[in-house]
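>>> For reference, the sequence and a predicted model appear below.
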Amino acid sequence: MQAPADLLALRGQIDALDRDLLALLNRRAQLAQEVGELKKKEGSVVFRPEREAQVIDGLKAANPGPLKNDSVAPIWREIMSACRALETPTRVAYLGPAGTFSEEAALGYFGSSLVRVPCASIDEVFRSTAAGVADFGVVPVENSTEGMVARSLDIFLTTPLFIIGETSLFVRHNLLRRENSLEGIEAVCAHPQALAQCHEWLSLHLPHAERRPVASNAEGARLAGLDPKLAGIASARAASEYGLHVVAPAIQDDTHNRTRFAIVTDPHRHPAPKASGHDCTSLVVSVVNRPGAMYDILAPLKRHGVSMSRLESRPARSGQWEYYFFIDLQGHPDQPAVQTAMHELRDACAFFKVLGTYPIDVH
Ligand SMILES: O=C(O)C(=O)C[C@]1(C(=O)O)C=C[C@@H](O)C=C1
(Lines give C-alpha, C1' and ligand atoms only; values in the text may rest on other atoms or scores of the structure.)
Protein backbone atom coordinates (compact mmCIF):
# COMPACT_ATOMS: atom_id res chain seq x y z
CA MET A 1 0.00 0.00 0.00
CA GLN A 2 1.19 3.50 -0.83
CA ALA A 3 2.25 5.56 2.26
CA PRO A 4 0.26 8.79 2.72
CA ALA A 5 1.71 11.89 1.03
CA ASP A 6 2.44 13.59 4.41
CA LEU A 7 4.55 10.65 5.57
CA LEU A 8 6.44 10.52 2.27
CA ALA A 9 7.17 14.24 2.48
CA LEU A 10 8.46 14.00 6.06
CA ARG A 11 10.61 10.99 5.20
CA GLY A 12 11.98 12.90 2.24
CA GLN A 13 13.09 15.67 4.59
CA ILE A 14 14.67 13.11 6.96
CA ASP A 15 16.57 11.53 4.03
CA ALA A 16 17.90 14.92 2.96
CA LEU A 17 18.97 15.78 6.51
CA ASP A 18 20.66 12.39 6.92
CA ARG A 19 22.76 13.16 3.84
CA ASP A 20 23.71 16.54 5.32
CA LEU A 21 24.56 14.84 8.62
CA LEU A 22 26.70 12.28 6.80
CA ALA A 23 28.59 15.02 4.98
CA LEU A 24 29.13 16.87 8.28
CA LEU A 25 30.24 13.70 10.05
CA ASN A 26 32.75 13.01 7.29
CA ARG A 27 34.12 16.54 7.64
CA ARG A 28 34.41 15.93 11.40
CA ALA A 29 36.19 12.61 10.70
CA GLN A 30 38.68 14.37 8.39
CA LEU A 31 39.46 16.90 11.14
CA ALA A 32 39.99 14.04 13.61
CA GLN A 33 42.38 12.45 11.10
CA GLU A 34 44.32 15.73 10.97
CA VAL A 35 44.41 15.82 14.79
CA GLY A 36 45.71 12.23 14.61
CA GLU A 37 48.54 13.30 12.26
CA LEU A 38 49.50 16.13 14.65
CA LYS A 39 49.53 13.75 17.60
CA LYS A 40 51.69 11.28 15.67
CA LYS A 41 54.24 14.04 15.00
CA GLU A 42 54.24 15.04 18.67
CA GLY A 43 54.34 11.39 19.76
CA SER A 44 51.28 11.94 21.96
CA VAL A 45 48.38 9.59 22.68
CA VAL A 46 45.12 9.56 20.74
CA PHE A 47 42.51 8.85 23.44
CA ARG A 48 41.77 11.98 25.52
CA PRO A 49 39.02 11.16 28.05
CA GLU A 50 38.93 14.73 29.38
CA ARG A 51 38.37 16.14 25.85
CA GLU A 52 35.61 13.58 25.12
CA ALA A 53 33.92 14.45 28.44
CA GLN A 54 34.11 18.18 27.61
CA VAL A 55 32.65 17.62 24.12
CA ILE A 56 29.67 15.76 25.61
CA ASP A 57 29.18 18.20 28.51
CA GLY A 58 29.27 21.14 26.08
CA LEU A 59 26.73 19.58 23.72
CA LYS A 60 24.36 18.71 26.55
CA ALA A 61 24.51 22.31 27.79
CA ALA A 62 23.80 23.60 24.26
CA ASN A 63 21.09 21.06 23.42
CA PRO A 64 17.81 22.87 22.55
CA GLY A 65 15.79 19.57 22.30
CA PRO A 66 13.54 17.80 21.50
CA LEU A 67 16.44 15.28 21.48
CA LYS A 68 16.79 14.20 25.13
CA ASN A 69 20.08 14.96 26.88
CA ASP A 70 20.32 11.25 27.80
CA SER A 71 20.55 10.50 24.08
CA VAL A 72 23.33 13.03 23.45
CA ALA A 73 26.11 11.16 25.31
CA PRO A 74 25.68 7.74 23.57
CA ILE A 75 25.34 9.34 20.11
CA TRP A 76 28.52 11.40 20.49
CA ARG A 77 30.42 8.57 22.13
CA GLU A 78 29.78 6.56 18.94
CA ILE A 79 30.79 9.48 16.73
CA MET A 80 34.03 10.02 18.67
CA SER A 81 34.64 6.27 18.72
CA ALA A 82 34.44 6.17 14.91
CA CYS A 83 36.67 9.27 14.60
CA ARG A 84 39.19 7.86 17.10
CA ALA A 85 39.35 4.60 15.11
CA LEU A 86 40.53 6.63 12.09
CA GLU A 87 43.41 7.95 14.22
CA THR A 88 44.42 4.59 15.76
CA PRO A 89 42.77 1.30 16.86
CA THR A 90 41.63 1.20 20.52
CA ARG A 91 42.22 -2.29 22.00
CA VAL A 92 40.11 -2.90 25.11
CA ALA A 93 40.38 -5.83 27.55
CA TYR A 94 37.36 -6.86 29.65
CA LEU A 95 35.91 -9.90 31.39
CA GLY A 96 34.54 -11.98 28.51
CA PRO A 97 33.32 -13.97 26.70
CA ALA A 98 30.95 -12.10 24.35
CA GLY A 99 27.76 -10.89 26.03
CA THR A 100 29.07 -9.96 29.51
CA PHE A 101 28.11 -6.73 31.27
CA SER A 102 31.81 -5.84 31.21
CA GLU A 103 31.69 -5.99 27.40
CA GLU A 104 28.59 -3.77 27.47
CA ALA A 105 30.44 -1.30 29.74
CA ALA A 106 33.44 -1.30 27.35
CA LEU A 107 31.18 -0.59 24.36
CA GLY A 108 29.27 2.09 26.27
CA TYR A 109 32.47 3.89 27.27
CA PHE A 110 34.63 3.54 24.13
CA GLY A 111 31.84 3.19 21.55
CA SER A 112 31.63 0.23 19.19
CA SER A 113 34.68 1.08 17.04
CA LEU A 114 37.06 -0.83 19.28
CA VAL A 115 39.17 -3.97 19.11
CA ARG A 116 37.75 -6.45 21.63
CA VAL A 117 40.15 -8.32 23.92
CA PRO A 118 37.89 -10.63 25.99
CA CYS A 119 39.67 -12.13 29.04
CA ALA A 120 38.92 -15.15 31.26
CA SER A 121 39.22 -13.29 34.59
CA ILE A 122 39.60 -9.85 36.15
CA ASP A 123 43.27 -10.71 36.83
CA GLU A 124 43.78 -11.36 33.13
CA VAL A 125 42.25 -7.97 32.23
CA PHE A 126 44.93 -6.29 34.36
CA ARG A 127 47.67 -8.57 33.00
CA SER A 128 46.73 -8.08 29.32
CA THR A 129 46.66 -4.31 29.76
CA ALA A 130 49.98 -4.27 31.64
CA ALA A 131 51.55 -6.48 28.96
CA GLY A 132 50.37 -4.16 26.16
CA VAL A 133 48.06 -6.77 24.56
CA ALA A 134 45.32 -4.18 25.18
CA ASP A 135 45.59 -0.40 25.46
CA PHE A 136 42.88 -0.20 28.13
CA GLY A 137 41.14 -2.53 30.58
CA VAL A 138 37.58 -2.32 31.90
CA VAL A 139 37.11 -3.76 35.41
CA PRO A 140 34.06 -3.80 37.71
CA VAL A 141 34.72 -2.03 41.02
CA GLU A 142 31.40 -1.64 42.76
CA ASN A 143 27.79 -2.81 42.58
CA SER A 144 24.90 -0.91 44.13
CA THR A 145 23.43 -4.11 45.65
CA GLU A 146 26.48 -6.19 46.47
CA GLY A 147 29.03 -3.49 47.29
CA MET A 148 32.63 -3.53 46.18
CA VAL A 149 34.16 -6.07 43.82
CA ALA A 150 36.83 -7.37 46.17
CA ARG A 151 39.10 -8.92 43.53
CA SER A 152 39.44 -5.66 41.58
CA LEU A 153 40.16 -3.63 44.72
CA ASP A 154 42.77 -6.14 45.90
CA ILE A 155 44.58 -5.95 42.56
CA PHE A 156 44.49 -2.13 42.66
CA LEU A 157 46.78 -2.25 45.72
CA THR A 158 49.71 -3.60 43.69
CA THR A 159 48.99 -3.07 39.99
CA PRO A 160 51.24 -0.68 38.04
CA LEU A 161 48.15 0.37 36.03
CA PHE A 162 46.14 3.48 36.87
CA ILE A 163 42.56 4.61 36.35
CA ILE A 164 41.79 7.08 33.55
CA GLY A 165 38.00 6.81 33.44
CA GLU A 166 34.82 5.39 34.92
CA THR A 167 31.50 4.25 33.57
CA SER A 168 28.42 2.71 35.14
CA LEU A 169 25.72 0.46 33.82
CA PHE A 170 22.18 -0.48 34.84
CA VAL A 171 22.44 -4.22 35.34
CA ARG A 172 19.32 -6.16 34.39
CA HIS A 173 19.68 -9.87 35.02
CA ASN A 174 17.54 -12.27 33.02
CA LEU A 175 17.00 -15.99 33.45
CA LEU A 176 18.05 -17.63 30.17
CA ARG A 177 17.45 -21.14 28.94
CA ARG A 178 16.98 -23.31 25.83
CA GLU A 179 13.35 -24.14 26.81
CA ASN A 180 10.98 -21.24 27.40
CA SER A 181 9.89 -22.61 30.82
CA LEU A 182 11.00 -22.87 34.45
CA GLU A 183 10.19 -26.61 34.54
CA GLY A 184 13.09 -29.03 35.00
CA ILE A 185 15.87 -26.55 35.73
CA GLU A 186 18.44 -28.43 37.86
CA ALA A 187 21.11 -25.74 38.15
CA VAL A 188 21.48 -22.02 37.53
CA CYS A 189 24.97 -21.08 36.31
CA ALA A 190 26.18 -17.49 36.75
CA HIS A 191 28.91 -15.30 38.20
CA PRO A 192 28.73 -15.37 42.04
CA GLN A 193 27.81 -11.63 42.07
CA ALA A 194 24.82 -12.27 39.78
CA LEU A 195 23.68 -15.25 41.86
CA ALA A 196 23.84 -13.02 44.95
CA GLN A 197 21.99 -10.16 43.23
CA CYS A 198 19.12 -12.53 42.30
CA HIS A 199 19.04 -14.37 45.63
CA GLU A 200 15.40 -13.58 46.54
CA TRP A 201 14.00 -14.34 43.10
CA LEU A 202 15.85 -17.68 42.94
CA SER A 203 14.70 -18.65 46.46
CA LEU A 204 11.09 -17.93 45.51
CA HIS A 205 10.92 -19.36 41.96
CA LEU A 206 13.64 -22.02 41.82
CA PRO A 207 14.14 -23.05 45.46
CA HIS A 208 15.44 -26.53 44.57
CA ALA A 209 17.80 -25.58 41.74
CA GLU A 210 21.51 -25.66 42.53
CA ARG A 211 23.23 -22.25 42.27
CA ARG A 212 26.43 -22.97 40.36
CA PRO A 213 29.07 -20.21 40.35
CA VAL A 214 31.00 -19.86 37.06
CA ALA A 215 33.63 -17.40 35.78
CA SER A 216 31.17 -15.03 34.08
CA ASN A 217 27.47 -14.69 33.29
CA ALA A 218 28.20 -15.16 29.60
CA GLU A 219 29.95 -18.46 30.47
CA GLY A 220 26.77 -19.46 32.37
CA ALA A 221 24.69 -18.61 29.28
CA ARG A 222 27.07 -20.62 27.08
CA LEU A 223 26.69 -23.66 29.38
CA ALA A 224 22.88 -23.24 29.41
CA GLY A 225 23.01 -23.37 25.61
CA LEU A 226 24.67 -26.82 25.80
CA ASP A 227 22.43 -28.49 28.41
CA PRO A 228 18.60 -28.15 28.71
CA LYS A 229 18.76 -28.86 32.47
CA LEU A 230 20.81 -25.71 33.02
CA ALA A 231 19.78 -22.05 33.10
CA GLY A 232 21.97 -18.95 33.07
CA ILE A 233 21.60 -15.44 34.43
CA ALA A 234 22.81 -12.84 31.96
CA SER A 235 22.02 -9.89 29.73
CA ALA A 236 19.45 -9.93 26.93
CA ARG A 237 22.43 -9.57 24.54
CA ALA A 238 23.84 -12.85 25.89
CA ALA A 239 20.46 -14.51 25.15
CA SER A 240 20.72 -13.66 21.46
CA GLU A 241 24.46 -14.47 21.43
CA TYR A 242 23.80 -18.05 22.66
CA GLY A 243 20.34 -18.63 21.09
CA LEU A 244 18.46 -18.78 24.42
CA HIS A 245 14.99 -17.69 25.59
CA VAL A 246 14.60 -14.98 28.21
CA VAL A 247 12.45 -17.17 30.50
CA ALA A 248 12.15 -14.45 33.15
CA PRO A 249 13.32 -10.86 32.59
CA ALA A 250 14.79 -8.50 35.22
CA ILE A 251 15.09 -11.01 38.09
CA GLN A 252 17.57 -8.92 40.14
CA ASP A 253 16.33 -8.20 43.67
CA ASP A 254 17.08 -4.47 43.38
CA THR A 255 15.47 -2.78 40.36
CA HIS A 256 18.05 0.05 40.51
CA ASN A 257 20.97 -2.38 40.36
CA ARG A 258 24.01 -0.54 38.90
CA THR A 259 27.62 -1.59 38.44
CA ARG A 260 30.47 0.87 38.27
CA PHE A 261 33.53 0.06 36.16
CA ALA A 262 37.02 1.58 36.14
CA ILE A 263 38.97 2.11 32.92
CA VAL A 264 42.64 1.30 33.51
CA THR A 265 45.79 1.77 31.46
CA ASP A 266 49.59 1.70 31.70
CA PRO A 267 50.99 5.08 32.89
CA HIS A 268 54.16 4.47 30.83
CA ARG A 269 52.08 4.47 27.65
CA HIS A 270 49.30 6.89 28.58
CA PRO A 271 49.51 10.14 30.58
CA ALA A 272 46.99 10.94 33.31
CA PRO A 273 43.99 12.82 31.90
CA LYS A 274 44.15 16.60 32.26
CA ALA A 275 41.48 18.37 34.31
CA SER A 276 38.09 18.35 32.56
CA GLY A 277 36.25 20.50 35.11
CA HIS A 278 34.33 17.54 36.63
CA ASP A 279 36.95 15.13 37.90
CA CYS A 280 37.49 12.44 40.48
CA THR A 281 40.74 11.28 42.08
CA SER A 282 40.87 7.75 43.52
CA LEU A 283 43.30 6.84 46.30
CA VAL A 284 44.04 3.86 48.51
CA VAL A 285 45.57 4.53 51.92
CA SER A 286 46.18 2.79 55.21
CA VAL A 287 46.78 4.24 58.64
CA VAL A 288 48.38 2.78 61.74
CA ASN A 289 45.67 1.30 63.96
CA ARG A 290 45.44 3.90 66.80
CA PRO A 291 42.82 6.27 68.23
CA GLY A 292 42.06 9.22 65.95
CA ALA A 293 43.61 7.60 62.86
CA MET A 294 40.42 8.01 60.84
CA TYR A 295 40.21 11.66 61.88
CA ASP A 296 43.76 12.20 60.52
CA ILE A 297 42.56 10.98 57.12
CA LEU A 298 39.49 13.18 57.04
CA ALA A 299 40.94 16.37 58.58
CA PRO A 300 43.07 17.50 55.56
CA LEU A 301 40.03 17.11 53.28
CA LYS A 302 37.89 19.24 55.58
CA ARG A 303 40.66 21.86 56.00
CA HIS A 304 40.95 22.36 52.24
CA GLY A 305 37.26 21.97 51.35
CA VAL A 306 37.73 18.82 49.26
CA SER A 307 34.64 16.57 49.03
CA MET A 308 34.86 12.83 49.34
CA SER A 309 32.38 10.85 47.24
CA ARG A 310 33.40 7.35 48.36
CA LEU A 311 35.08 5.68 51.32
CA GLU A 312 35.36 1.88 51.40
CA SER A 313 37.44 -0.25 53.72
CA ARG A 314 39.04 -3.57 52.98
CA PRO A 315 40.92 -5.79 55.48
CA ALA A 316 44.71 -5.63 55.01
CA ARG A 317 44.93 -9.40 55.68
CA SER A 318 47.72 -8.81 58.19
CA GLY A 319 45.71 -10.45 61.01
CA GLN A 320 46.01 -7.16 62.95
CA TRP A 321 42.56 -5.66 62.25
CA GLU A 322 44.24 -3.25 59.85
CA TYR A 323 42.41 -1.85 56.87
CA TYR A 324 43.00 -0.23 53.52
CA PHE A 325 40.69 2.67 52.71
CA PHE A 326 39.63 3.33 49.14
CA ILE A 327 38.82 7.02 48.82
CA ASP A 328 37.35 9.02 45.92
CA LEU A 329 37.97 12.76 46.09
CA GLN A 330 36.11 15.22 43.95
CA GLY A 331 38.56 17.27 41.92
CA HIS A 332 41.89 17.01 40.09
CA PRO A 333 45.43 17.34 41.55
CA ASP A 334 45.90 20.37 39.23
CA GLN A 335 43.63 22.25 41.67
CA PRO A 336 45.79 23.70 44.50
CA ALA A 337 43.29 22.73 47.27
CA VAL A 338 43.19 19.11 46.07
CA GLN A 339 46.97 18.97 45.74
CA THR A 340 47.59 20.36 49.26
CA ALA A 341 44.96 18.08 50.82
CA MET A 342 46.60 15.07 49.10
CA HIS A 343 50.07 16.07 50.39
CA GLU A 344 48.79 16.36 53.95
CA LEU A 345 46.90 13.10 53.63
CA ARG A 346 50.03 11.35 52.36
CA ASP A 347 51.92 12.56 55.47
CA ALA A 348 49.21 11.13 57.75
CA CYS A 349 49.20 7.67 56.12
CA ALA A 350 51.39 4.59 56.49
CA PHE A 351 50.51 3.61 52.89
CA PHE A 352 49.34 6.00 50.16
CA LYS A 353 48.75 5.25 46.49
CA VAL A 354 47.03 7.37 43.84
CA LEU A 355 44.93 4.99 41.73
CA GLY A 356 44.11 7.62 39.14
CA THR A 357 42.44 10.89 38.29
CA TYR A 358 39.78 11.05 35.61
CA PRO A 359 36.62 12.79 34.35
CA ILE A 360 33.45 11.84 36.25
CA ASP A 361 31.15 9.61 34.19
CA VAL A 362 28.90 11.68 31.89
CA HIS A 363 25.60 10.06 30.95
O1 LIG B 1 40.43 16.22 20.07
C2 LIG B 1 41.15 15.23 19.90
O3 LIG B 1 42.22 15.09 20.52
C4 LIG B 1 40.75 14.17 18.95
O5 LIG B 1 41.52 13.27 18.69
C6 LIG B 1 39.36 14.14 18.42
C7 LIG B 1 38.42 13.29 19.26
C8 LIG B 1 36.99 13.55 18.69
O9 LIG B 1 36.53 12.76 17.88
O10 LIG B 1 36.41 14.58 19.06
C11 LIG B 1 38.78 11.85 19.14
C12 LIG B 1 39.55 11.20 20.07
C13 LIG B 1 39.94 11.81 21.35
O14 LIG B 1 39.77 10.92 22.42
C15 LIG B 1 39.25 13.08 21.62
C16 LIG B 1 38.49 13.71 20.68
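Yep, it's here.
>>> Over to E103: give its phi and psi.
When read as degrees, to the nearest 10, the backbone of E103 gives phi -60, psi -40.
>>> And for V115?
Note on V115: its backbone torsions stand at phi -100, psi 120 [degrees, to the nearest 10].
>>> Nearest spatial neighbour of it, chain-adjacent residues omitted?
Among residues not flanking V115 along the chain, R91 sits closest, at 4.3 Å (CB to CB, 6 or more residues apart in numbering). For the C-beta atoms, the positions are set from N, CA and C on the backbone; glycine is no exception.
>>> That neighbour reaches V117, doesn't it?
Yes: contact status for R91 versus V117: in contact at 5.6 Å, counting by CB atoms under 8 Å.
>>> State the distance from the closest residue to the ligand within the chain to F47.
Of all residues in the chain, C83 sits closest to the ligand, at 3.4 Å by CB to the nearest ligand atom. Counting by CB to CB, to the nearest Å, the gap from C83 to F47 is 11 Å.
>>> Next, count neighbours for the residue nearest to V115.
Neighbourhood size, R91 [other CB atoms under 10 Å]: 18.
>>> go on, A299?
When neighbours are counted by other CB under 10 Å, A299 comes out with 15.
>>> again with S144
Neighbours of S144 under the rule other CB under 10 Å: 15.
>>> Quick check: nearest residue in space to it, chain neighbours excluded?
Using CB to CB, 6+ apart, the closest residue to S144 is R258 (4.5 Å).
>>> hang on, isn't that neighbour packed against V171?
Yes: under the criterion of CB under 8 Å, R258 makes contact with V171 at 6.4 Å.
>>> shared neighbours of these two, anything?
Overlap of the contact sets of R258 and V171 (by CB atoms under 8 Å, 6 or more residues apart in numbering) consists of N143.
>>> Of those two, which one has the most company?
Neighbours were counted for R258 and for V171 using other CB under 10 Å; V171 has more, 24 against 13.
>>> got a list of what the more buried one touches?
Neighbour list for V171: 101, 143, 197, 252, 257-259 [criterion: CB under 8 Å, 6+ apart].
>>> What residue, apart from its backbone neighbours, is nearest the residue most central in space within the chain spatially?
In the chain, the residue lying closest to the centroid (CA atoms, centre = their mean) is F261, at 3.2 Å. Using CB to CB, 6+ apart and skipping the chain neighbours, the partner closest in space to F261 is A105 (4.4 Å).
>>> quick one: what helix or strand has the one you found in it?
Using DSSP states H and E, A105 maps to helix 101-110.
>>> The longest helix along the chain: how far from the chain's middle?
Taking DSSP state H as the criterion, the chain has its longest helix at helix 5-42. Relative to its chain's centre, helix 5-42 lies at 28 Å (CA atoms, centre = their mean, to the nearest Å).
>>> for that helix, which positions count as buried?
29, 32, 35-36 (16 or more other CB atoms under 10 Å).
>>> And for stretch 85-102?
In terms of neighbour count (16+ other CB under 10 Å), stretch 85-102 has its buried residues at 85, 87, 90-97, 99-102.
>>> which of those come close to the ligand?
E87 (CB under 6 Å from any ligand atom).
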